[in-house]
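> kindly generate the corresponding structure for this input.
(chains A and B)
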There are 2 protein chains.
Amino acid sequence: MHILITGAAGMIGRKLTARLVKDGKLNGAAIGKFTLIDVVPPSPPADFGGEVSASASDLSAPGVAPQAIAGRPEVIFHLAGVVSGEAETDFEKGYRVNLDGTRALLEAVRTAGGGYRPKVVFTSSIAVYGAPFPYAIPDDFHLTPLTSYGTQKAMSELLLADYNRRGFLDGVGIRLPTICVRPGKPNKAASGFFSGIIREPLAGQDAQLPVADTVRHTHASPRAAVGFLVHAASLTRDQLGPRINLAMPGVCCTVAEQIEALARIAGPKVAARIKRVPDELVMRIVAGWSERIEAKRAAALGFKAETSFDDIIRAHIEDELGGKVAG
Amino acid sequence: MHILITGAAGMIGRKLTARLVKDGKLNGAAIGKFTLIDVVPPSPPADFGGEVSASASDLSAPGVAPQAIAGRPEVIFHLAGVVSGEAETDFEKGYRVNLDGTRALLEAVRTAGGGYRPKVVFTSSIAVYGAPFPYAIPDDFHLTPLTSYGTQKAMSELLLADYNRRGFLDGVGIRLPTICVRPGKPNKAASGFFSGIIREPLAGQDAQLPVADTVRHTHASPRAAVGFLVHAASLTRDQLGPRINLAMPGVCCTVAEQIEALARIAGPKVAARIKRVPDELVMRIVAGWSERIEAKRAAALGFKAETSFDDIIRAHIEDELGGKVAG
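Residues are numbered from 1 along each chain as shown, chains lettered A, B, ... in the order given. Below is the predicted model:
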């Protein structure tokens, strides 16, 4: 089994690679080779006995996509992309990387010849949805993104579905909810506080909460996101049918419930490190985000997220903090 | 007022041009110039005293789109496109014309500079929807096209909405239902019989009906479609909000009701010219099409279709047959 991961140097890309190395196999077949690409050079995984090709490359540049699939990987995890904020500030780069890069990859697969038909797992986002929302977003809710990033993801989903329908590849797109708790340093994403109010207090630092406790959102851990990707790769055409782009499940809770979970797991002293610093801009942005995602099809197809925010915190403590919490 | 029409040589393009020439104005402003483009040379309209630039050009070719908008038309009707059947048989041409051509036009507008911000009216299609369907398709139903044509239209809608949101243009996309009664010769489109069973009998000829009388579908006349386009051009950003792509209304009826209307208007002898010649392939294709479209937002925004299939037949007799029917 040869696996290509685009965006392999990103947080999810690295965790996916590590999970696959640990599993040693995918869909029952032993993994013999990884091709890892990203715009920055991906680190080859530790403890992998097979072949690894890791290179810095931009899929949207001429000739790169055909080169990326030259070894005919059976499974492609297409995670590469410019994030939401950058796609909004750099309009041309967002379309070039997120739309043209994806199209170049799909075109390379289509024109590869020799009956090549890989499994392509594409990471989309709940940014394909745009307010106003119903109480909960059903699987058949329309795509009216309110960002260029969401537009590029929605267009890529449609393209993937058409290439899948035409039989050029076996595609599946998964719309990730907000990933929480993101490891690493705070970033400037408007959603950053959802992770920050857990990550920083657990590391003994104060964190700022810019919105009201009543804000409700849907979250999945990085571990769950990697699980979605691996599970998506196992689904057959028959299981998926023509609607291959799926909203993923997650834990729907309020900020207050996040904080209660933190206090339950790490104690009130840790939870007290969250400082309320209202930020009008963040409040306004977050007000346009979806709260509840039904994700009924994903559940029926066997995708599994955490079932409580406590579990999301525990996953972070296990995966990032070696099981330890700064008291 | 300078108006650009792409796909101006097509049936709707010609009727739209004629309607605008007859009106003499659009949104209250006198029309001084038409730029008409198509892959075949559009005929300049008769009885128009203003300036006309008519040329054969392919929007997806380099440099063509900037040239098409060089005169800074205030309103652009973007009708150009490869039809459903051709987009399915020629995959590359469909994406090049329907997606890349549209994107080239929008990019030309975005990069024109000088505060240029035209109204862009885009003809989409109910082909953006894909079975299985609910009893009636609501305005917030997701887009899961089952053709490359429908995929290209859905992707173009998303692109238009993002360019609109970013303020590069004032966009509106209208999803046309099946246009009936199409004038001219029978074509090979699977939907051709919906028009053929009215057009041919009214012209004194036999027509073949390949499906059961119980087949239900939604129709609008060419006259109504032109009315949608003109009305769409009048809508403001405030009226439209962020969801600028709209399903259009139509007359929802069964084939039996179409035939009854024909008998009512032209007599049973004319209706008897419809011969039942079942065609398994057409039946299967039509079974995957939508039946009812709610189009509530379009109705609220003032779009008007015919209210009965009788009116659709009368529009055809008035507009195409000079009011006369072969007895």
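> ok, A:D47 touching A:T17?
No: in this structure, A:D47 is not within contact of A:T17 by C-beta atoms under 8 Å, at 11.0 Å. (C-beta placed from N, C-alpha, C; glycine too.)
> looking at the two, which one has more neighbours?
A:T17 (26 against 7; other C-beta atoms under 10 Å in any protein chain shown).
> pretty sure the more buried one sits against A:A9.
No: counting by C-beta under 8 Å, A:T17 does not reach A:A9; the two are 9.6 Å apart.
> mutual contacts of these two, please.
Common neighbours of A:T17 and A:A9 are listed as A:36, A:42 (criterion: C-beta atoms under 8 Å, 6 or more residues apart in numbering or on different chains).
> what does chain A put close to chain B?
Near chain B, the residues belonging to chain A are A:91, A:130, A:134, A:139-146, A:148, A:151, A:154-155, A:158-159, A:161-162, A:165-166, A:242-243 when assessed by C-beta under 8 Å from any C-beta of the partner chain.
> just the buried residues from the residues you listed, in PyMOL please.
In PyMOL syntax, the buried subset of the residues of chain A next to chain B is picked out as below (16 or more other C-beta atoms under 10 Å in any protein chain shown):
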select buried, chain A and resi 130+139+140+141+142+143+144+145+146+148+151+154+155+158+159+161+162+165+243
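> just the ones in helices from the residues of chain A next to chain B, please.
Under the assignment DSSP state H, the residues of chain A next to chain B contribute A:91, A:148, A:151, A:154-155, A:158-159, A:161-162, A:165 to helices.
> closest one of those to B:I69?
Nearest to B:I69 out of those is A:F91 (C-beta to C-beta; 18.5 Å).
> which residue, other than its chain neighbours, is closest to that closest one?
Leaving aside its chain neighbours, A:F91 sits nearest to A:S148 (6.1 Å; criterion: C-beta to C-beta, 6 or more residues apart in numbering or on different chains).
> now swap in A:F122 and tell me
Nearest one to A:F122, counting by C-beta to C-beta, 6+ apart, is A:G173 at 4.4 Å.
> and the gap between the one you found and chain B?
12 Å (C-beta to the nearest C-beta, to the nearest Å).
> for that residue, grab the count of nearby residues.
Counted with other C-beta under 10 Å, A:G173 comes out at 27.
> now it: which helix or strand?
Secondary structure from DSSP states H and E places A:G173 in strand A:170-176.
> buried ones in that strand?
A:170-176.
> all the helices of the stretch 1-150 of chain A, residue numbers only.
A:11-23, A:64-68, A:84-89, A:91-94, A:101-110, A:148-165 (DSSP state H, counting those that start in this stretch).
> for whichever residue of the stretch 201-327 of chain A sits closest to chain B, which non-adjacent residue is spatially closest?
Minimum separation of the stretch 201-327 of chain A from chain B (C-beta to the nearest C-beta) falls at A:R243, amounting to 5.3 Å. Sequence neighbours aside, B:T144 is the residue nearest to A:R243 in space, at 5.3 Å (criterion: C-beta to C-beta, 6+ apart).
> same deal with A:A266?
A:V325 (5.0 Å).
> kindly report the same for A:L202.
A:V325 (5.4 Å).
> repeat that for A:Q152.
In space, A:Q152 is closest to A:N98, 3.6 Å off (C-beta to C-beta, 6+ apart).
> let me see the contact set for that neighbour.
A:81-82, A:87, A:149, A:152-153, A:156.
> give me the pLDDT for the closest residue to A:V64 other than its chain neighbours.
Closest residue to A:V64 apart from its sequence neighbours, by C-beta to C-beta, 6+ apart: A:S57 at 4.9 Å. On pLDDT, A:S57 comes in at 92.
> what's A:S57 sitting at in phi/psi?
phi -160, psi 150 (degrees, to the nearest 10).
> just the CA atoms of the helix or strand containing A:E318, as CSV, please.
Following DSSP H and E, one finds A:E318 within helix A:309-320. Taking C-alpha atoms only, helix A:309-320 is exported to CSV below (Å, rounded to 0.1, in the frame of the first residue of the first chain):
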residue,chain,number,x,y,z
PHE,A,309,-16.1,17.6,25.8
ASP,A,310,-14.5,15.8,28.8
ASP,A,311,-13.2,13.2,26.3
ILE,A,312,-11.8,15.9,24.0
ILE,A,313,-9.8,17.3,27.0
ARG,A,314,-8.6,13.9,27.9
ALA,A,315,-7.5,13.2,24.4
HIS,A,316,-5.4,16.4,24.5
ILE,A,317,-3.9,15.5,27.9
GLU,A,318,-3.0,12.0,26.6
ASP,A,319,-1.7,13.0,23.2
GLU,A,320,0.0,16.3,23.9
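> and that helix, what's its mean pLDDT?
97.
> helices or strands up against it?
helix A:192-202, strand A:216-220, helix A:222-234, strand A:251-254, helix A:255-266 (3 or more C-beta pairs under 8 Å, 6 or more residues apart in numbering or on different chains; DSSP states H and E).
> contacting residues around it?
By C-beta under 8 Å, 6+ apart, helix A:309-320 touches A:180-181, A:183, A:198-199, A:202, A:219-224, A:251, A:253, A:257-258, A:261-262, A:264-266, A:306, A:323-325.
> repeat that for 6 Å
Contacts to helix A:309-320, defined as C-beta atoms under 6 Å, 6 or more residues apart in numbering or on different chains, come from residues A:181, A:183, A:198, A:221, A:223, A:251, A:253, A:258, A:261, A:265, A:306.
> surely A:I137 touches A:E291?
No: look at A:I137 against A:E291 with C-beta atoms under 6 Å: they stay out of range, at 8.5 Å.
> higher neighbour count, the two?
Counted by other C-beta under 10 Å, A:I137 and A:E291 do not tie: A:I137 has more neighbours, with 21 against 16.
> per-residue pLDDT of that one, please?
96.
> who's in contact with it?
A:129, A:290, A:293.
> quick check: domain ranges of chain A?
The record's domain parsing of chain A by automatic domain parsing lists A:2-176+A:220-247, A:192-218+A:250-292+A:305-320.
> distance of the spatially most central residue of chain A from chain B?
The centroid of chain A falls nearest to A:L176 when counting by C-alpha atoms, centre = their mean (4.9 Å). Distance, A:L176 to chain B, by C-beta to the nearest C-beta: 18 Å.
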